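Undergrad: Sequence plus predicted model, see below.
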Amino acid sequence: MTNTVGTAGLGRLSGRDDVRAAARDAMAAALAAFEPDAPVLVVSHFDADGLSAAAILIRALRQAGREADAFVVAKAESPWDPEVAARIATRAPGGLIVADLGTRPDPVLPGRPTLVIDHHVPTGEPKGAVTISGNGLDPEPTTALLAWWAAGALGDQADLLWLAAVGLIGDMAEGLDFPEMAEAQARWGKTALRDATALVNAPRRTAAADASPALRLLLKSDGPKRITKGEDADASALHAAKAEVRAAMEVVKRVPPAIGGDVALIVLDSPCQIHPLIAQQWRGRLKDKVVIAANVGYRPGWVHFAARSASGRDLIAFLAEHRPANADGRYGNGHAQATGGALRNADWNGFVRGLGFPKAEVEA
Ligand SMILES: [Mn+2]
């Protein structure tokens, strides 16, 4: 069954209520296809948006009497990696929800009923899945807000709205015109929501990238203050993660960009996922450049990089033009203004030679 409510479906709807109703209907259709007596497995990204989406879905499903569990991808993992998909399969889910991990044509577990919830630029229409894609909507919802809309199929989710706000803030969509954001700010407080988001986003940037304390807090908390003011081991882990990331940023903040044509390249060497933060910082200072922050220390044998631009240029198209032959599904996905990738060292060397930065080659 293919039932896409997304780039084609949602995007054509003009009224906001229609978009919300479409997300609820898609969720109901997906759940109807799931095996009723086996657990629902929510596979999600490990950032604030992905984790909040997972927490919303799991809490709403459990509240409705369904068994539901999480599978959060780890550092440098993708559920489309065969070994990761094999680990997902051992959980024997009756249905799979793939949240904030991209919208791809190939299924994670072929033949298993699947719901895709996502807002990145699709690379195809998921085969045999129900899809809720926010990509192309104006304003564009993040995965957590889409999940909250979808969870409306399971009953009233007013108490979980703060989680949708955490996802919006985490993906820098706080300023978009969503009435849900204003409602969450009024009920739980702007500062508490922002501080909780910063904490929830910290563990995935650390060298170990263990997002499980963040997810546990999102699953059990009644609001952001439980996270910001918490003193248990999970809350302490988030504060320690934030300190680790701050120290790693301190080390690399003076690394100067190399400029070549319309590209600015900053090469870092850190086990922490700080390259997106550095790209974001330089984006504001080099407004006419394609800013690429690359990290040669994130994962042995690979170079991970983040690309940002303030010029409005389509970076997914830019990366497609420079795509190395061996690049896999990690390369050049995401959003037109915020993308990136991961390349094996030898492929990275070809990529930077092509961009005119031979000095940025690494030992292959
Ligand atoms: Mn997201």
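TA: Looks like it came in fine. Residues are numbered from 1 along each chain as shown.

Undergrad: drop to CA atoms for contacts and neighbour counts, all remaining ones
TA: Will do.

Undergrad: Which residue is the nearest non-sequential neighbour of Pro276?
TA: Nearest residue to Pro276, sequence neighbours excluded (CA to CA, 6 or more residues apart in numbering): Ala306, at 5.1 Å.

Undergrad: and that neighbour, which of the three is it?
TA: Using DSSP: H, G, I helix; E, B strand; the rest coil, the structure places Ala306 in strand.

Undergrad: number of nearby residues for Arg87?
TA: Residues within reach of Arg87, counting by other CA atoms under 10 Å, total 12.

Undergrad: That one and Leu168: what is the separation?
TA: 29 Å (CA to CA, to the nearest Å).

Undergrad: what about the residue nearest to Pro276, how many neighbours?
TA: Ala306 has 24 nearby residues by other CA under 10 Å.

Undergrad: Pretty sure it sits against His335.
TA: No - checked against CA atoms under 8 Å, the pair Ala306 and His335 is beyond contact range at 11.3 Å.

Undergrad: Just give the nearest non-adjacent residue to Trp80, would you?
TA: Val108 (5.7 Å).

Undergrad: how close does the one you found sit to Val84?
TA: Val108 is 9 Å from Val84, by CA to CA.

Undergrad: Pull the number of nearby residues for the residue nearest to Trp80.
TA: What Val108 shows, counting by other CA under 10 Å, is a neighbour count of 23.

Undergrad: tell me the secondary structure for it?
TA: Going by three-state DSSP: Val108 is coil.

Undergrad: ok, it to Val42 distance?
TA: Note on Val108: its distance to Val42, by CA to CA, is 12 Å.

Undergrad: can you check Cys272 too?
TA: In this structure, Cys272 and Val42 are 25 Å apart, going by CA to CA.

Undergrad: Same drill for these two, tell me which one is more crowded.
TA: The neighbour comparison of Cys272 against Val42 (other CA under 10 Å) goes to Val42, with 27 against 22.

Undergrad: residues contacting the more buried one?
TA: The contact partners of Val42, by CA atoms under 8 Å, 6 or more residues apart in numbering, come to 54, 57-58, 68-71, 96-99.

Undergrad: how does it look with 10 Å?
TA: 51, 53-55, 57-58, 68-72, 88, 93, 95-99, 114-116 (CA atoms under 10 Å, 6 or more residues apart in numbering).

Undergrad: ok, what's across the strand from it?
TA: Per DSSP bridges, the residues bridged to Val42 are Ala70, Ile97.

Undergrad: Model confidence at it, what's the number?
TA: If you check Val42, the pLDDT there is 98.

Undergrad: Mind exporting the C-alpha coordinates of stretch 313-327 to PDB?
TA: Only the C-alpha atoms of stretch 313-327 are listed here, as PDB (Å, rounded to 0.1, in the frame of the first residue of the first chain):
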ATOM      1  CA  ARG A 313      21.700  28.900  -2.900                       C
ATOM      2  CA  ASP A 314      20.300  25.300  -3.200                       C
ATOM      3  CA  LEU A 315      23.100  23.300  -1.400                       C
ATOM      4  CA  ILE A 316      21.500  19.900  -2.200                       C
ATOM      5  CA  ALA A 317      21.900  20.800  -5.900                       C
ATOM      6  CA  PHE A 318      25.400  22.100  -5.300                       C
ATOM      7  CA  LEU A 319      26.400  18.900  -3.600                       C
ATOM      8  CA  ALA A 320      24.700  16.800  -6.300                       C
ATOM      9  CA  GLU A 321      26.900  18.600  -8.900                       C
ATOM     10  CA  HIS A 322      30.000  17.600  -6.900                       C
ATOM     11  CA  ARG A 323      28.900  14.200  -5.900                       C
ATOM     12  CA  PRO A 324      31.700  11.600  -5.700                       C
ATOM     13  CA  ALA A 325      31.000   8.300  -7.500                       C
ATOM     14  CA  ASN A 326      31.200   6.300  -4.300                       C
ATOM     15  CA  ALA A 327      29.100   8.500  -2.100                       C
END
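
Undergrad: Please, which helix or strand holds Ala317?
TA: Assigned by DSSP states H and E, Ala317 belongs to helix 315-321.

Undergrad: after that helix, next one along is what?
TA: strand 334-335.

Undergrad: average pLDDT for that following strand?
TA: So the average pLDDT for strand 334-335 ends up being 92.

Undergrad: Packing partners of that strand?
TA: Counting contacts by 3 or more CA pairs under 10 Å, 6 or more residues apart in numbering; DSSP states H and E, strand 334-335 packs against helix 315-321.

Undergrad: Now do the buried residues in the helix it packs on.
TA: 315-316, 319 (16 or more other CA atoms under 10 Å).
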